[in-house]
Structures are given as C-alpha cells and as structure tokens.
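*Asks:* Okay, predicted coordinates and the sequence, questions at the end:
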Amino acid sequence: MTTHTGSSLAEVFGFPLNSRSAEAEEARRRHWCPFTHSRCAKQSRLLDYPFGVCSVQYGADICAICPRRFEERGALPGTPKVLEEMARHYFGDINNVVAFSEVGLPNIGTIDYVLARHAPISPMSPTSWRSSFRPIRPLPRARLFGVWMM
C-alpha cells in the first residue's frame, strides 16, 4: 500500500519556493513567467494576481502542473526545451527533427505536438535548383490510416 506523504509547492514563478534571490523576488513581484518571458497568465479565482505555481512536490517527486512550464526555450528557435529533450531521447539528437504544434485530426481533435525526423536537406546550388524544377500538378487524394489527406 502506498502512503501519501502530502504535496507542497515546489516552484513559484519559475523559482524554488525557498529561493530568496533578487531574481526570484523580482519575478514574484512582477508575476513573471521565466518560461514564456511574459507575465503569468494563470489567473486565480481566489487571488487578485496570477497563481504562479509551476510545479509541486508530491512525495519524493517534483511534478510540473503548469503547461507553460514546458515552454522553456530550447536551443532551436521556436522549439520548447522539453521537445528537444524528447527528440534526443527518441532520435539520438535534434538534427533533422522538426516539431509541429496543434496538429489537427479531422473528427478527432488536435495533438499538442508531433516530432518528426526528416531526411537531411542538402544545400542546392542555383544551377541544380533550376534543373530540378518541375511544374506543380494537382496531387490525387490519398487515404492514409482512414484519414483523407490532400
């Protein structure tokens, strides 16, 4: 049987709860989210200011509870750090990996993020680009896994 040891706040406005650094105090004063680089958007129903809790400690684990916590910027422009870490885990590195957000599936909903690895893109010279140019023709409709794609 698992015993619940309780939970407590772990991070507030991006800093550990017990941090008294000038940076942490300024983030709290401004209600600043370091992951989105903007004012925290989690408005509380009970407080006159944003809630600001990023993660909680649950037993021995620290768990992120704010979806903005996952938007910490990574090395690739426009790609959250957590997606880069997932790409490294599943693909071994972040080379030739692209992230798509809010991928819509007809009659199902949306997927928050999809990571895909593509073939390396080799640089093309203007001469090779012109020789590879083909007029665009309409593509026939294809059925893929029960979803009509255009």
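*Replies:* That came through, no problem. Numbering: from 1, shown residues only.
*Asks:* And the nearest residue to Pro16 once chain neighbours are set aside, which helix or strand is it part of?
*Replies:* Closest residue in space to Pro16, ignoring its immediate chain neighbours: Ala10 at 6.8 Å, by CB to CB, 6 or more residues apart in numbering. (C-beta placed from N, C-alpha, C; glycine too.) When secondary structure is defined using DSSP states H and E, the element that contains Ala10 is strand 7-12.
*Asks:* Could you report the neighbour count for Gly109?
*Replies:* A count of neighbours around Gly109, defined by other CB atoms under 10 Å, yields 8.
*Asks:* oh sorry, the question was meant for Pro50
*Replies:* Here the count is done by other CB under 10 Å, and Pro50 has 16 residues near it.
*Asks:* give me every residue that touches the nearest residue to it once chain neighbours are set aside.
*Replies:* Leaving out its chain neighbours, the residue that sits closest to Pro50 by CB to CB, 6+ apart is Cys40, at 3.7 Å. Taking CB atoms under 8 Å, 6 or more residues apart in numbering, we find Cys40 in contact with Phe13, His31, Trp32, Cys33, Pro50, Phe51, Gly52, Arg68.
*Asks:* Would you reformat these as a markdown table and include pLDDT and secondary structure?
*Replies:* Converted to a markdown table, the contacts of Cys40 look like this (pLDDT from 0 to 100; DSSP: H, G, I helix; E, B strand; the rest coil):
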| residue | pLDDT | secondary structure |
| --- | --- | --- |
| Phe13 | 94 | coil |
| His31 | 94 | coil |
| Trp32 | 95 | strand |
| Cys33 | 92 | strand |
| Pro50 | 86 | strand |
| Phe51 | 84 | coil |
| Gly52 | 90 | coil |
| Arg68 | 81 | helix |
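*Asks:* what is Trp32 paired to in the beta sheet?
*Replies:* Here Trp32 sits in beta bridges with Arg39, as judged by DSSP bridges.
*Asks:* Verify the stated contact: it with Glu26.
*Replies:* Yes. At 7.2 Å, Trp32 counts as touching Glu26 under the criterion of CB atoms under 8 Å.
*Asks:* who's more crowded, these two?
*Replies:* Shown here are Trp32 and Glu26; by other CB under 10 Å, Trp32 has more neighbours (18 against 12).
*Asks:* Distance check, that one against Ala119.
*Replies:* In this view, Trp32 and Ala119 are 41 Å apart by CB to CB, to the nearest Å.
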